[in-house]
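Engineer: structure for this input, please:
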Amino acid sequence: MTTETPPTSTTPSITLESKIYHATTVSNTKNYVPIILEIESSQYVTWATLFKINYKAFLVHDHLSPKPHETTTASSTTTQPNEDWDRLDAIVLEWIYSMISIDLLHTIINKTASAYDAWKAIEDLFQDNKGSHAIHLMHKFSNKRLDSFPNVLAYFQELKVLADQLANVNAPVDNDRFVLQ
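Structural biologist: A predicted model of the protein is given here:
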């Protein structure tokens with residue numbers, strides 16, 4: 001008869017090492033998020049969704065939230081978990097910075113920013129400008145003409161992309177407007 005050995009006190013550190021291992025293996029985030037976010041684009045929702053999927057896949061989704069408060073106890077003299085969290089945060093921050101345009105990077109960069117700070121700065125920038133993005137996109141949608149495309153399919157695909165982007169900024173194109181265009 002065999003008995004299972006109970007989990008040891010090292011189990012949490014194994015989980016933490018697993019998180020670090022997965023995140024540190026990513027060499028090119030463009031393989032996972034093929035969009036470079038630009039200030040003028042209205043692809044923020046798509047970009048953010050792809051990033052959130054990858055944060056979860058690489059077990060670093062907690063870096064989209066403020067850093068947890070440090071709790072110290074008399075028996076705890078090690079700082080390893082906090083150092084690991086800081087290292088992961090720097091990796092996630094690199095991911096964010098590598099997937100945005102240079103103009104957007106110059107707008108949000110801060111030498112003391114965490115990944116969460118950068119994430120919030122980008123989110124605030126795009127969420128605060130939804131109205132102006134919607135106006136800009138509606139203008140583009142309204143001014144698309146079939147004669148500037150090689151075929152009807154290319155024209156329709158461009159209209160569909162613009163309609164999706166308008167929906168992402170809470171200005172969906174209704175079916176009647178789509179048909180009229």
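Engineer: model confidence over the longest helix along the chain, on average?
Structural biologist: Ranked by residue count, the top helix of the chain under DSSP state H comes out as helix 80-98. Mean pLDDT, computed over helix 80-98, is 83.
Engineer: buried stuff in that helix?
Structural biologist: 85, 88-89, 91-93, 95-97 (16 or more other C-beta atoms under 10 Å). Placement of C-beta: from N, CA and C, glycine included.
Engineer: looking at these, spot the one nearest residue 119.
Structural biologist: Nearest to residue 119 out of the buried residues of helix 80-98 is residue 96 (C-beta to C-beta; 6.5 Å).
Engineer: was I right to think residue 33 contacts residue 46?
Structural biologist: No: contact criterion C-beta atoms under 8 Å: residue 33 and residue 46 do not qualify, at 9.3 Å.
Engineer: between these two, which one's more packed in?
Structural biologist: residue 33 (20 against 17; other C-beta atoms under 10 Å).
Engineer: how near is that one to residue 88?
Structural biologist: Distance, residue 33 to residue 88, by C-beta to C-beta, to the nearest Å: 18 Å.
Engineer: and if you look at residue 143?
Structural biologist: 45 Å.
Engineer: for residue 179, same thing?
Structural biologist: 49 Å.
Engineer: want to try CSV for the buried residues of helix 80-98, with distance to residue 135 as columns?
Structural biologist: Below are the buried residues of helix 80-98 laid out as CSV (distance: C-beta to C-beta, whole Å):
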residue, distance to residue 135
85, 41
88, 39
89, 36
91, 37
92, 33
93, 32
95, 31
96, 27
97, 29
